[in-house]
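K.L.:
sequence first, then the predicted structure:
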Amino acid sequence: MSGAAWHARIECGGAVSGAGFLVTPSKVLTCAHVVRDSALAPVTVSFPNSRELGEVPATVAVHGGWRGDPKDPGDLAVLELAREVPLVPARFAPPGAEHTRPAPALVAYGFPEGYDEGVLAQYRALAPTLISDEWVQLEATTAHGQPLAAGFSGAAVALPDGRVVGMVAQIAGEHGIRVGRMLPTTVMARYWHGLGELVPAHGGTRDATRRLYGLVRRAAAAGLDCDPDRLYVDAVGPFGPPLPPDGFDSLASAAGYVHWEVEDPEAVPRFADRLAELLSAPPAPAASWSPILVELDRSGAGADQVTVEVSAYRDGLRRPVGTVRLPRAGVRAYVQERVDEAFTQLAPGADELITFVLPREWLNEPVAHWECGPDDSTPLGCAHPLVVADRSRHRSARLRHQLTKKWQKLRTIQGAPTLHRVECCSRERPPSLRKRLRDEDADLAGYATAPATAPDHFEAALNTPVPVLLWPRGGCPGADHDTPCAGSTFLDGLVSYVDGLPPAELPRHIQALREEAEADDEPERHWARDVQILWDAPHCFPEPAASLHSPVA
């Protein structure tokens with residue numbers, strides 16, 4: 001541990017709140033609960049073994065989704081330093097290195113009360129079995145010495161040679177009990193995928209791992225069309241671990257599985273070599289969209305409190321722009337400001353796609369009509385392609401997998417799919433609608449009314465799943481009637497408008513339709529004035545979505 005200048009002390013609001021460790025010149029890993037007050041108080045990072053660096057301001061760039069209870073998963077945060085520091089970052093051991101025999105001594109560097117300069121504690125991993133599929137239990141190697149205490153949270157857990165195997169996440173609450181829990185690197189990578197590139201694969205080197213993830217990023221940026229299941233089978237060989245039952249929903253998930261779960265040291269190089277071959281073939285078209293993601297959710301801190309997270313995608317990677325919890329009345333102004341900032345993260349010339357990820361009960365929010373900014377009254381949905389997505393579906397691995405297969409099919413079929421109409425006052429039972437949409441392999445569905453008027457019918461399509469849903473935010477109120485209504489007029493116009501249009505291009509065409517309605521002499525009477533489009537394409541969002549719980553901005 002000597003000379004390990006990468007150990008960090010975290011302060012929040014001027015008080016020591018825990019530990020952390022430098023993993024790149026500008027990023028520090030720690031526990032989410034160490035910086036739980038960062039929305040209210042500034043976070044600073046210092047390095048006790050390099051005091052000349054002073055205190056460095058930091059912000060939370062990635063949050064693992066920890067909700068506030070010690071038993072909650074995702075207790076991880078990545079801090080972005082205000083400036084790079086001239087220190088060699090921590091090195092990582094391959095997955096599972098803490099479970100070799102004899103069990104190695106593991107050392108943590110923490111900052112309990114009275115030890116602002118830090119103190120060491122020595123423990124060992126009790127067993128490879130994960131508690132709640134999240135933590136490795138630690139126990140002291142002796143009955144004496146420093147126990148894990150408040151101030152060790154977020155500390156790196158390292159082998160005697162200094163290579164990191166995990167992070168202290170919990171300490172024993174009872175006096176005299178010398179146990180604790182750590183997040184191993186395999187679990188930490190669930191919440192921050194950037195960690196994968198830093199941890200060498202089983203029996204491999206960090207260079208091999210870097211090459212693997214670099215190729216995955218290149219593939220995402222190039223829009224490479226490949227079969228991740230086939231790549232996995234090629235990498236592990238006929239005697240390797242079988243393909244998981246549901247396969248892989250993305251190239252990144254297949255690469256991560258080979259990295260973390262497959263012990264054959266040649267699996268990662270084989271996967272990377274095959275991917276390099278595919279990339280050297282004639283290039284596939286670049287990805288069509290560069291999304292700007294706006295995620296909204298109820299914060300749980302009060303009926304009027306909303307959590308907002310804005311991020312942008314570039315080269316297949318998600319770049320956080322801002323996260324905050326604020327009253328609902330302040331959401332629009334915050335989104336306007338952060339969306340404008342998000343454009344600085346896009347590649348020059350990229351085709352932006354503003355995507356609002358909303359709770360199901362908010363899918364009808366008039367986000368397309370929000371103004372671009374205080375000095376620009378143009379509706380966002382007229383200025384840019386703008387779609388909404390259902391938050392629960394956006395975060396479901398099962399549905400993302402099914403939707404990915406749907407889009408793979410859509411890229412290969414000739415012509416445009418048929419729009420499936422869901423009429424107002426439909427007496428079709430939701431289970432029957434769900435079966436019809438599934439039997440007919442529906443790709444587009446148009447509704448004559450808004451989600452709140454026919455929630456069960458919308459749920460049928462959202463859970464089938466259908467990649468694209470369109471509806472009028474007002475539409476038919478749902479009462480029985482014999483004459484044509486606004487909802488049927490909308491569907492008639494929609495069928496004519498989308499006929500022959502590829503689903504991948506619909507956001508751009510819906511933007512043009514909104515502009516047409518806005519420019520009409522009587523915009524309020526235009527059939528498409530309040531068109532809302534739910535457009536769900538997981539391949540445009542290659543990283544699993546980060547959680548909105550416990551905003552830290």
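P.N.:
Received the coordinates, thanks.
K.L.:
from now on I want contacts and neighbour counts done on CA atoms only, so please keep to that.
P.N.:
OK.
K.L.:
how is this protein divided into domains?
P.N.:
What automatic domain parsing lists as the domains of the chain is 1-194, 200-280, 287-553.
K.L.:
deepest in the core, which of the ones you listed is it.
P.N.:
Counting by mean count of other C-alpha atoms under 10 Å, domain 1-194 has the highest mean neighbour count of those, with a mean of 20.
K.L.:
let me know the average pLDDT across that one.
P.N.:
Averaged across domain 1-194, pLDDT comes to 89.
K.L.:
next one: stretch 386-401
P.N.:
pLDDT averaged over stretch 386-401 gives 91.
K.L.:
quick one: contacts of it?
P.N.:
248-250, 295, 353-360, 363, 368, 380, 462-463, 465, 507, 511, 532-536, 538, 544-545 (C-alpha atoms under 8 Å, 6 or more residues apart in numbering).
K.L.:
kindly export it (C-alpha atoms) in CSV.
P.N.:
These are the backbone C-alpha positions of stretch 386-401, laid out as CSV (Å, rounded to 0.1, in the frame of the first residue of the first chain):
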residue,chain,number,x,y,z
LEU,A,386,-38.8,14.8,-30.4
VAL,A,387,-40.2,11.6,-29.0
VAL,A,388,-41.3,10.1,-25.7
ALA,A,389,-40.5,6.8,-24.1
ASP,A,390,-42.2,4.8,-21.3
ARG,A,391,-39.8,4.8,-18.3
SER,A,392,-40.6,1.3,-17.1
ARG,A,393,-40.2,-0.2,-20.6
HIS,A,394,-37.1,1.8,-21.2
ARG,A,395,-35.5,0.1,-18.2
SER,A,396,-36.8,-3.4,-18.7
ALA,A,397,-34.1,-5.7,-19.9
ARG,A,398,-36.7,-8.2,-21.2
LEU,A,399,-38.5,-5.6,-23.3
ARG,A,400,-35.3,-4.0,-24.5
HIS,A,401,-34.3,-7.4,-25.8
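K.L.:
off-centre distance for that stretch?
P.N.:
Mean-position distance between stretch 386-401 and its chain equals 11 Å (C-alpha atoms, centre = their mean, to the nearest Å).
K.L.:
hey, C-alpha coordinates of stretch 297-310 in PDB?
P.N.:
C-alpha atoms of stretch 297-310 as PDB (Å, rounded to 0.1, in the frame of the first residue of the first chain):
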ATOM      1  CA  ASP A 297     -39.700  10.800 -12.500                       C
ATOM      2  CA  ARG A 298     -41.400  11.500  -9.200                       C
ATOM      3  CA  SER A 299     -38.600  11.900  -6.600                       C
ATOM      4  CA  GLY A 300     -40.300  10.300  -3.600                       C
ATOM      5  CA  ALA A 301     -39.300  13.400  -1.600                       C
ATOM      6  CA  GLY A 302     -42.700  15.000  -1.900                       C
ATOM      7  CA  ALA A 303     -45.800  15.000  -4.000                       C
ATOM      8  CA  ASP A 304     -44.600  18.000  -6.000                       C
ATOM      9  CA  GLN A 305     -40.900  17.000  -6.300                       C
ATOM     10  CA  VAL A 306     -39.600  15.800  -9.600                       C
ATOM     11  CA  THR A 307     -36.200  14.200 -10.500                       C
ATOM     12  CA  VAL A 308     -34.800  15.400 -13.800                       C
ATOM     13  CA  GLU A 309     -31.800  13.900 -15.500                       C
ATOM     14  CA  VAL A 310     -30.400  15.200 -18.800                       C
END
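K.L.:
and for that stretch, what are the contacting residues?
P.N.:
292-296, 320-328, 331, 335, 338-339, 342, 358-359, 548-551.
K.L.:
can you check stretch 73-84 too?
P.N.:
Contacts of stretch 73-84 (C-alpha under 8 Å, 6+ apart): 25-33, 35, 45, 56-67, 134, 169, 188, 191-192.
K.L.:
got it, and stretch 111-129?
P.N.:
Under C-alpha under 8 Å, 6+ apart, the answer for stretch 111-129 is 9, 16, 18-19, 48, 96, 98-99, 103-110, 136-141, 145-152.
K.L.:
and stretch 406-425, by the same measure?
P.N.:
437, 442-449, 467, 476, 478-480, 487-488, 491, 495, 498-503, 537.
K.L.:
restricted to strands, list those residues.
P.N.:
Secondary structure defined by DSSP state E assigns 444, 445, 446, 447 of the contacts of stretch 406-425 to strands.
K.L.:
quick one: which of the residues you listed is nearest residue 207?
P.N.:
residue 444 (44.5 Å; C-alpha to C-alpha).
K.L.:
list the contacts for the closest one?
P.N.:
If you count contacts by C-alpha under 8 Å, 6+ apart, residue 444 has them with 417, 418, 419, 420, 466, 467, 468, 469, 470, 503.
K.L.:
may I see those arranged in CSV, with pLDDT as well?
P.N.:
Formatted as CSV, the contacts of residue 444 follow (pLDDT from 0 to 100):
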residue, pLDDT
417, 77
418, 81
419, 88
420, 89
466, 93
467, 94
468, 96
469, 96
470, 96
503, 91
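K.L.:
redo these as CSV? Include distance to residue 307.
P.N.:
Shown next, in CSV, are those (distance: C-alpha to C-alpha, whole Å):
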residue, distance to residue 307
417, 36
418, 37
419, 34
420, 34
466, 27
467, 26
468, 26
469, 25
470, 26
503, 30
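K.L.:
return the subset of those residues lying in helices.
P.N.:
Residues of the contacts of residue 444 located in helices (DSSP state H): none.
K.L.:
could you list the low-pLDDT ranges of the stretch 251-400 of the chain?
P.N.:
Within the stretch 251-400 of the chain, the stretches with pLDDT under 70 are 281-287.
K.L.:
what segments of it are strands?
P.N.:
Ranges of strands in the stretch 251-400 of the chain, per DSSP state E, counting those that start in this stretch, are 290-298, 305-314, 317-327, 352-358, 371-373, 376-379, 386-390.
K.L.:
any chance of the ones you listed in a markdown table, with distance to residue 226 too?
P.N.:
Below are these laid out as a markdown table (distance: least, C-alpha to C-alpha, whole Å):
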| stretch | distance to residue 226 |
| --- | --- |
| strand 290-298 | 20 |
| strand 305-314 | 20 |
| strand 317-327 | 18 |
| strand 352-358 | 24 |
| strand 371-373 | 38 |
| strand 376-379 | 38 |
| strand 386-390 | 25 |
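K.L.:
nearest to residue 212, of those?
P.N.:
For the strands of the stretch 251-400 of the chain, proximity to residue 212 was assessed by C-alpha to C-alpha; strand 317-327 is nearest, at 15.0 Å.
K.L.:
is residue 134 in contact with residue 186, as I believe?
P.N.:
No - counting by C-alpha atoms under 8 Å, residue 134 sits too far from residue 186 to count as a contact (9.4 Å).
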